[in-house]
Each structure stands twice: as C-alpha cells, then as structure tokens.
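*Asks:* Could you work out the structure for the sequence below:
(3 chains)
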Amino acid sequence: MKKMKLFATLAVTAAMVLSLAACGGGSSAAPAASDSGSTGGGAAAGGEKITLIMSQRDEFLSSLEAGAKKAAGELGVNLVTQDANQDESKQIQYVQAAAADGQKAIIVNPINPSACQSIIDAAGDMKVVFVNRVPDDTSILNENAVYVGSDEHTSGKFQGDFLAKYFNDKGQKDIKYILLRGIEGQTSTTLRSESVLQALADNGINATETYAKSCLYDRTEALNQMGNILADASKEFDCIICNNDSMALGAIEACTQAGKTIDFPIVGIDATADGRQAIKDGTLAMSVFQDPNGQGGGAVAAALNLINGDALNANTNFEVDETGFILWVPFEEVTPDNVADYDNR
Amino acid sequence: MADEYILEMHGICKYFPGVKALDGVELQVRPGTVHTLMGENGAGKSTLMKCLIGMQPVTAGTIIHKGKEVHFKSVQDSIHAGITMIQQELSPVLERTVADNLWLGREPMKNKFMCDNKALYTEAEALFKKLNLEVDVYAKMKDLTVAKQQMVEIAKAVSHDSNIVIMDEPTSALTDAEVEDLFRIIADLKAKNVAIIYISHKMDEIFRISDDITVFRDGTYVGTDRAANLNNEKLIEMMVGRKITNMFPKIPCPIGDVMFKVENLNSGKQVKNVSFEVRKGEILGFAGLVGAGRTETMETIFGMRKKDSGRIWLNGKELNIKSPRDAIDNKIGLLTEDRRGNGIFGLLSITDNTTVANWGAYGMPMNNKQMLKDTEEYNTKLRTKTPTWETRIMNLSGGNQQKVLLARWLLTKPDLLIVDEPTRGIDVGAKSEIHELLSKLAGEGKAIIVISSEMPEVMGISDRIVVMHEGEMTGVLNRDEFSQELLMRYATGGSAVEELKKQQGSLES
Amino acid sequence: MKSKAEKSQFSKLISDNGIWVVLVVLIIAITIVNRNFFTPNNAVALLTGEAVKGVMTFGVTLAILSKGIDLSTGSVAALSAICSAALCQASTSKLWAGLPTMPAIVGILGGICIGLIVGFANGWMVAYLRLHPFIATLGTQLICRALCKLITPGPVSKLTPGFRFLGNGKVGPFHMIVIVMIIMFIILAFMLKMTRFGKSVYAVGGNDQAARVAGINVEHTLVKVYMWCSFCAALGGVLLAGRSDSADPANTGLNYELDAIAAATVGGTSQTGGICRPSGVIAGILIMGVINNGMVMMGVNDQMTFIVKGLIIIGSVAFDMRKNAVKK
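*Replies:* Numbers count the residues shown, from 1 in each chain, chains lettered A, B, ... in the order given. Predicted structure coming up:
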C-alpha cells in the first residue's frame, strides 16, 4: 500500500515535471509570434499582450491557432498561446496567470462549455473571448465576455439538408443510417448528432438508426468499428453519417478493405485536406467547412475591440447576433461543386 | 482418554496436483509437553502444521482440539482457538517498530478509532521483561538480527495466551546463547500447561527438550514414542528408513597444488584483508558466528559485491571478476546461503532451475532435449525427489531444492565450488548425501570451500578451517588441530580469553 | 482413487487453459445472439481489427514478464507511424515538402529505428538508473506524444501503396496485417521457449537476485526486453499508418498501451513477474477482440463494452491469483 502511494506520488511528479517542460516549450514559441506582431506595429493598441488558451492542439485547433497568430500580426497584438491539454484546472491556472500579468483581455477555447462561468470568475477584470466552443449557458455572456465561433447546430443541419435532398430526389422517404459519433460527452458530438437527425426529420425523412457508435473522432477507431459493422450482413444502411471527416475517412477505408462499393452517401464535418481530397475522389459525399482562420482571427479582433471599446465585429467580415455578445463565423457546405474553392483557405 | 490429549489429528491427507503431501498422518499431543515432529525435508511436517492452523485445507481427516472436532478456515480462527505458529520463514513488517509488529492487528485501543500508542510500547516492554528478553521495542524490525526477530515472533505467540505453540525450526538462525533463552521460554510455557509442537533437525536439542517424538517419512506416518525410549540411531533409522553409519563420510584423497588463491581481499566493513588459498582436492571450511563476514567474502570473490581491493588467482591465472557471469565463465560456482532470496526461481521448472547457469551452452535455438537430459542425469545422481522435471521448484521440499541448486552448479563443471550453508534446513538423510557428494567432488580434483555455522559439520568434512570474526580472519586450523573450543575462541575474536572461559563453562554445564 | 486422479487431471487441464474456455463460451454466446458473428467475413474483420493491438501486446507481455510494465507503447506507435508515414507520403502536399518519397522499406525501418531508440532509453533507465518501469515509461509516453504533436499538427496521410502493403495488403486471400501478427507471435513463442534471452526474462522476472547469481546479465536482459517492447510498438505504428492511410499525432495509438496490458493480463501474464504462456497471450488478445467485435454484433452500446472488458480483466486476474496462490 505504501509502495503504491509512493509510485502514485512519483507518477504525478513526473507528469508535472514533463508537462511543465512542455509548457516551457509552448511559451518559448510565443516570442517569435510577438516579434512578427510588432512588425505590424503602430496599429490600434500597439503590442497589446493577449493570451490564447487552447483546450488542446488537434488539427483543427492548430489551424485556429495559426489563424489567430496571423491576425495578431496584422493587428499588432502580442499573442501568447498556452495548451491546457484538456485539463480544466490547468486552464483556470493559465487564466489566473494572465490576470496576474496585468493583461487586459484573454481568449479561451474552453474545455468544458458548461463551466465557462468559472473562467469568467478567474479572469477578474479581464475581458474574456470564448472561441470555437460556445458556452452552454449563453446568458453568462455580456459586454465583458463574448463568444466567437460557429454555431454547431448548423453543422449537422448542412449534413441533414444534404442527405434529405439526396433521398428526396431518389424518392426514398424511409432510410436507415449508421452514425459514427465523436467523443461522448463533448458538446460538439451531441450537437452535431442531434442537428443532423433534426434536419432529416424537418425535411420529411423517416430515419431509423441501424447502429450508432462512438469512434472518438479517430480514423483508425472508425476503421476498426466500421470493419466490425460491415462484417455483419444483417446491418443494412443507406448512408453513413460521421461527426467529423477523420471518422468518415476511416469508414471509407473500411468499405474499401471489405470490398464494399460506396454507392451510398458518406458525410463528414471539418473539410480537412484529406476530407476535401476524398470529396474530389467521389468517396466522401460532402463535408462542412468550419473556418479556423476566421474563428482564430475573429477572436483576436474581438478581444482587441473589447479592450478598445469598439464594435465587436470591427475589423472582421462576420455578423454579431441579436444579443450583441456573439460573433458568428458561419459554417459552409463543401460539395464536389465548390470543393476547389477551399484548397487555399 | 479424550482429556489426555489437547490435540489429535487422525488420518490427515493432503493432495496437491500431482503430489501426495500427506497420506493418512496421525498426531496426538499431550498438554504441557514438547512434542517434536521429525522427518526428512518433504516428509510433510510443515504441511501438516499449515493444515492444522487453517492455512491450507485438508483433503481428508479429522482434527480434534480440546476434545472437539474443529475445522479452521483461516489462521485467525486457529489463533482464536489458541494455536499459534512461528513460521520457518519470518515475515515481519520491516519498516515498523518491534511493538508495532508485536500487536499488529490487535493494537491496544484508546477508543473505537484511536490506537493507544503509549500502551502499545509499555505493554510490549512488560511482555519482554516477563520473558526475560532484551529487545528494544522502539527499534525498527529491519534493524534487528534474525535471532531477535525470532524472539519477537515467540513473544507474539506467548502473548496470544495460546494453548498450543508450533515452532518450525526456531533455532536455525540462533546463536547458542539465544537457543538457551528459547529453551528457557519453552520450559516456562510447559509449566503453564502449554503444548509445544517443535520441528527441528538438530538431534542434540531434540533430545534435550522433547517429551514425545513423532516421525514422518514421505508424507506418511512412521510412529510416535516417548523421547526417553529413543536414541540418535533409532531415530535416524525411523526417518530415513535405512541405517546411516557415518554422518560425515570423508573420503581421503590426495591434495594437490594450490588451485585458488586470494590475497588481501577487502570489501566495505564486512571483508577486511582476507587472504587464503585452496588446493586441488581440498575442502576448506569457513567457520565463524553469524555476521562474521564469511558470506560477504564469498560474494566478493563471486562478483556479487564490489571489491575494494585484493587479488584473486585460479589455476595460476589472475582473475578480474566483476559479475557472477565472469566468475562462472572462470569456472567458479557459488551455492548461496539464501536459497529463496537468490537461489531458486520458484515459478520455474526443475529443468530451468538446473540449467540456468549453463544456458549459454545449449545453442540457439536452445536444445531443450539436451537440457532435459542433463537435468535428469545430474538430479538422478543427487537423488532429487520430484514428480516430474517440469514441476515448479517451489513445490519441492527445501532439501530437494538444495539438490537442484547443487545440480545447477555441478552442471557448470566448476574448478572451484563454494557452498554457503549447504545443509541449512535440510534433513539428516540429505545432509549426509551432500557431505558425501562434496567429498567426492574434492576427490575428482576440484577445490571446495564450505561455509557452515554447524561446528560438527565444518569439522567433519573440512581439510582445513579458516575462522573469521567481524570481517577478519582470526585463525587457520589444520585437520589435526580441530576442536570446538579452539574454533569458538577464534570465532569470538581470538583474544577474548575471559569470553572463552565463560563459553567453556556454559558448554560443560 | 483413480477417478479422483483423473478428475484432478481434468480440472488441472481446465484451470491451465481456463482462458480458452472463456473464449469459446464468449464465442458461443455471441453467436447465439447473432449468427453473423461466426462467419469468415467477421473473422477477418476481428483479426484485422485486433492485429495492431496484438503485435503491441506481444511486446508488453515481455515487459510484464520481467516484472515491469511499458506505458509508452501507444505513444511510440504514434511516433513511429508519423515518422514512417512522413517518409512515404505519395501526395503533393507533404509534411516534409523537400523530401523525396522514400521506398517503403526506408519508411518501415525508419519507424522501427525510432522504436528501438525509445526502447533502449526505457531499458537503460529501468536497468541502470533503477527507475521503476512505471515511471520511466510514463515519462517516455508523454515525451513521445509531445514529439508527435511537435512534428505535425494534423494527420500525415496519402501514403504510398508499397508502404501501405504491410497494413493493408493481401497475399492471396490472407491479410498481410494478420500474417505479420502471426509471424510476430511465432517469434515471441520461439524466443520464450527456445532462446537463452527468453528464458532469462522468465528468470529475471521470477527472481532477479537469483538470476544475477546464476550468471544472467540482468541489466542487458532488461534493456533488450524494453527494446523488444518498443520494437513491437513501432511495428504496430507502421501497421496502423498503413492500414488507415494516415498517422494522427493526437489519436493514433492513444491508450493502446492499456489495451495491450489488459490483453496480456487476461492472457495470464502475471503482474508479479515470471509467469507467462504465449498461448494464453494470444487467447487474451482474441478475447479482447471478441468483446469489441461481439458488442457491435449484439448491438450493445459502448459503455457496456467497457463494463464487460473491465469485468473480464478483473475476473481473469482474480482467477489467476487464486490458481497461483493454491499452488504455493
């Protein structure tokens, strides 16, 4: 027992040392960004220091970070990024550190959208910009705390509308579907899944679930699970709905390996480079583009606007919703018709 | 009749997969007596006791304690009924104090939740005082000698108010003076009408303290008799099933040139300036008290312990041994003292245990058939008893384990074989076999070093004896100079004449 | 008396091969619920799906046998997958734009070399710095995962067909990835039964002090154990990349180490060291696969899968402990 305790303690210490080292790496990368920022110089607040706290660094969020850095360069903001690595308490720590540093605004990509009040509390006098993940309770937003991002309700809607049109054109009202879900418990998984089914129903399609399975947003996991599903001939389906492109690509791979012809629509979300290639190849029917540059850049602009007391959407192309505290960066439908437009975005 | 015995065990059987450990064994113990169990290792004494205290379920048979049939499901049950056992292999909580260990699981309580730490120590002190033992109750268990640890175990058993105390080879790690203490405690217990079941291989002490003796052989019951009706030879005959005429069969053989030589060996505080030589065909004994540095000296030679300085030659070639592998490659073998700790691989088969030090010789892929053949050849030669060669070694008795280990070293065909306490915890039959074997090996022209704490053994089989005391050599005796008094004098530091007189006094009394 | 002996022989056979009994019972039970489970198609899906974890299990088995553990295998697989994939990217949008597309063998060996380096580091820390393997490999787990994310933010995909052959190709009707798993199993079994190294691992895991006295170089053995372990993980990474045509820094091999440890444990490899039967390990892998696949077949929800896995892990270890305790 005593030994176990010792190991546990050592494990925690080792994890701390290593994660600290990782943080060191993260923040040391920041001055490079600020250097490029100061060359943009003179504009607006002249080198205002703002911290961007990432929930984690996956492919999409890394693009978002890059978009934010680019915008910071243009707007003359000294942007520092931290990666909370899916650890909520670490996220709060970074917020407190920024407050102690005397920064005027902070951009947070919240890990847990239902716990955003605690971030606002920790920020104290700082302005808070939430990015990418909308707080569950939008009533906590006000002139000091805003949201920049896309409406997850609409991402699934694009998928649902597309599928409804596809089946309505075929004259098929009753369909069976397979749903590959993201990580259970995440808002994006819930909203994307709910909204696609809602859109199908709204368009008069009677959809029944053949099988729904969490594949952790991961390509290999989707490949394995789809392989299992395809091996069971009794599981009939007319389409595969995926919460993101990675899982859609895994599903496509599984079909290829099982020798199943893809004569049914597979739909994804994110329009990643691999996903767009699959649309061009005709294996992925459609995807939904979420604009990482727009979200990252919009967040930096919004933060600066809050500090300067400007309109929330100043220096951006985006619309503010009726409350005035949400800056919508729209989702866009990507199909074979317009996929080429996204190659350089 | 029922009252005559405090404990009766009838027709006890215990089967393990493939092994009949006990087959219809009988035991009847009278209160207030010392009842000794005897038999070769593997005869089933320890197993019988484990069945008695509920550590292992019996396959068949009845146990009657104080006139009532009992079935102990756990050790707790048997302790509750007043039966405690002092295990051969102690398992104290090393990082806690003596008092903590003593009251482990039944600490004196202040109230429902809090231990009474003060009472813990005062009661422990009182207990040791009552037993007339000197033990520091505040000391951590790990800082105590094995003998002292044993004393704590005994005190623990006494403190349970037991009516039966089982002692499994309690004296194997004790010095003579400590053995006297133990016997005094046993006498006290007897006076309180406590029955003692005593397991030991040491003839002299058995006849000193036993009232009754029961003998087992190969898991079967041979007989019970009053100690007064028996003698050494009769007992050995009962145990072995044959007569052993000579306990130390020393085969005279020509002693050749110097084969192995050590000069000014030093390692830490345990080995100081040790120099000696062993000749071809010679058995060199190492005597001394526990902690004299004999084991450490051999470990240093074998590369298990860091050598601070000193030079070693074998067959005229100077060796630079940094690890046991170097030693083995240079034809040195070491049978270690701690059979369980660094001898056997309990989970591995007899075959693997026999061949492990020689695995390099079986090629790649390994020739499993050859391994089996060698195992069979060497173990048959040593008369190892086992159901199959694939049996896990932990299922064998101590004596048979020791034979497998000897087979391991013989298989490496060493020029120098060092054996450290080769007969500890081994029955008489196996003991004399091992003595004979060592003598034969010397006859084949090997050099042998034997460490033993048993004076008759080391005097019986050695050609010369080196005596050590606190890491230093205090004397070297030739065979014609051997005497217990002299060995003891050197073992206690040589110059301590007063000490010697005291020792002699106690020996005579 | 004779019938009793026969009975004990039979019960010994069952208790020694209990894991296979569990496997057969599981297969029968799931087949009763869904006939499609017991089909060649599904066998392929099951085996190809479990092959990577299987190969990684063969690695961690040795670590557990040596009384250690390796928590880094999942991250090592990811690092190997990313580096080898980056060397063999076919598309124009490459991770390392300047790099020409390498022949498949270069990519594969590249990934494996990285595994061997990490394995050496793990082994060295365990053997010479005397770090507890839990700590040493936890450290390399974090480092490798971080390196993956430093190398690339997103998936490395569009790999050459040659590189994908191991993970995705077929020889006749047989899937290459399953063949690789079988070959690795044969190597493992051969190593444990027929080589000095394999036997030394049993010895070191069973009693390292005794192993030292018997002339086994404990340190070298441990270093080799962890190198084998990471080698298997790296090979698993190469297979993963080939199979899914991409290597993702965040998700590839995530938590695979735990699945591998679980499979080895269910297969009767004791955490106390020194006990392992290769046939048990393969049964353990199959059991985990049957649960994954069978729960899909039965249409049971995700969380149930984990509950069943958890119960089987606990049950098998409890059974094992009892078996070994009785023998003592």
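*Asks:* neighbours around C:Gln141, how many?
*Replies:* C:Gln141 has 22 neighbours, counted by other C-beta atoms under 10 Å in any protein chain shown. Quick note: C-beta positions are derived from backbone N, CA and C, even for glycine.
*Asks:* Hmm, it is touching C:Ala77, no?
*Replies:* No: C:Gln141 lies out of contact with C:Ala77 (C-beta atoms under 8 Å); the separation is 10.9 Å.
*Asks:* The stretch 351-500 of chain B: strands as residue ranges?
*Replies:* Counting by DSSP state E, counting those that start in this stretch, the stretch 351-500 of chain B has these strands, from start to end: B:416-420, B:447-451, B:464-469, B:472-478.
*Asks:* Put together TSV for those, with distance to A:Thr210, mean pLDDT and mean neighbour count on each row.
*Replies:* Below are these laid out as TSV (distance: least, C-beta to C-beta, whole Å; pLDDT from 0 to 100; neighbours: other C-beta atoms under 10 Å in any protein chain shown):
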stretch	distance to A:Thr210	mean pLDDT	mean neighbour count
strand B:416-420	72	94	25
strand B:447-451	76	94	25
strand B:464-469	82	91	24
strand B:472-478	85	89	17
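*Asks:* Chain C: which of those is closest?
*Replies:* Proximity to chain C (C-beta to the nearest C-beta) singles out strand B:416-420 among these, at 10.7 Å.
*Asks:* Just the helices from the stretch 1-150 of chain A, written as ranges.
*Replies:* Remark: helices assigned in the stretch 1-150 of chain A by DSSP state H, counting those that start in this stretch are A:2-40, A:59-75, A:88-100, A:116-123.
*Asks:* what's the angle from the last one to helix A:88-100?
*Replies:* In this structure, helix A:116-123 runs at an angle of 30 degrees to helix A:88-100, with axes from the mean of the first three to the mean of the last three C-alpha atoms, to 10 degrees as the basis.
*Asks:* Would you mark the buried spots in helix A:116-123?
*Replies:* Applying a neighbour-count criterion of 16 or more other C-beta atoms under 10 Å in any protein chain shown, the buried positions in helix A:116-123 are A:Cys116, A:Ser118, A:Ile119, A:Ile120, A:Ala122, A:Ala123.
*Asks:* which phi and psi does B:Tyr221 have?
*Replies:* B:Tyr221 has phi and psi values of phi -90, psi 130 when expressed as degrees, to the nearest 10.
*Asks:* and it, how many neighbours does it have?
*Replies:* If we define neighbours as other C-beta under 10 Å, then B:Tyr221 has 22 of them.
*Asks:* and it, what are its bridge partners?
*Replies:* B:Phe216 (DSSP bridges).
*Asks:* How about the contacts made by B:Asn101?
*Replies:* Contacts for B:Asn101 (C-beta atoms under 8 Å, 6 or more residues apart in numbering or on different chains) come out as B:Pro92, B:Val93, B:Met141, B:Val152, B:Lys156.
*Asks:* Relative to A:Asp136, which of these is nearest.
*Replies:* The nearest member of the contacts of B:Asn101 to A:Asp136, counting by C-beta to C-beta, is B:Val93 at 51.9 Å.
*Asks:* I'd like the distance between the closest one and chain C.
*Replies:* As judged by C-beta to the nearest C-beta, to the nearest Å, B:Val93 and chain C stand 19 Å apart.
*Asks:* Would you agree that residue is in contact with B:Ala99?
*Replies:* No: using C-beta under 8 Å, B:Val93 makes no contact with B:Ala99, being 11.6 Å away.
*Asks:* is chain B contacted by the helix or strand containing C:Met191?
*Replies:* For C:Met191, the host element (DSSP states H and E) is helix C:176-194. Yes: using C-beta under 8 Å from any C-beta of the partner chain, helix C:176-194 reaches chain B at C:Phe190, C:Lys193, C:Met194.
*Asks:* if we look at that helix, which residues are touching it?
*Replies:* With contact meaning C-beta under 8 Å, 6+ apart, helix C:176-194 is reached by B:364-366, B:368, C:44, C:47-48, C:50-52, C:54-55, C:58, C:61-62, C:165-171, C:197-199, C:201-202, C:232, C:235, C:239, C:242-243, C:276, C:278-279, C:281-282.
*Asks:* where's it relative to the chain centroid, distance-wise?
*Replies:* 12 Å (C-alpha atoms, centre = their mean, to the nearest Å).
*Asks:* Can you dump the C-alpha atoms of it in PDB for me?
*Replies:* The C-alpha coordinates for helix C:176-194 follow below in PDB (Å, rounded to 0.1, in the frame of the first residue of the first chain):
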ATOM      1  CA  MET C 176      -0.900  -9.000 -44.600                       C
ATOM      2  CA  ILE C 177      -1.500  -7.400 -41.200                       C
ATOM      3  CA  VAL C 178      -2.800 -10.800 -39.800                       C
ATOM      4  CA  ILE C 179       0.200 -12.500 -41.300                       C
ATOM      5  CA  VAL C 180       2.500 -10.000 -39.600                       C
ATOM      6  CA  MET C 181       0.700 -10.700 -36.300                       C
ATOM      7  CA  ILE C 182       1.100 -14.400 -36.700                       C
ATOM      8  CA  ILE C 183       4.800 -14.100 -37.600                       C
ATOM      9  CA  MET C 184       5.400 -11.900 -34.500                       C
ATOM     10  CA  PHE C 185       3.600 -14.400 -32.400                       C
ATOM     11  CA  ILE C 186       5.800 -17.200 -33.600                       C
ATOM     12  CA  ILE C 187       8.900 -15.100 -32.900                       C
ATOM     13  CA  LEU C 188       7.600 -14.400 -29.400                       C
ATOM     14  CA  ALA C 189       6.800 -18.000 -28.700                       C
ATOM     15  CA  PHE C 190      10.200 -19.100 -30.200                       C
ATOM     16  CA  MET C 191      12.000 -16.500 -28.100                       C
ATOM     17  CA  LEU C 192      10.400 -17.600 -24.900                       C
ATOM     18  CA  LYS C 193      10.700 -21.300 -25.400                       C
ATOM     19  CA  MET C 194      13.900 -21.700 -27.300                       C
END
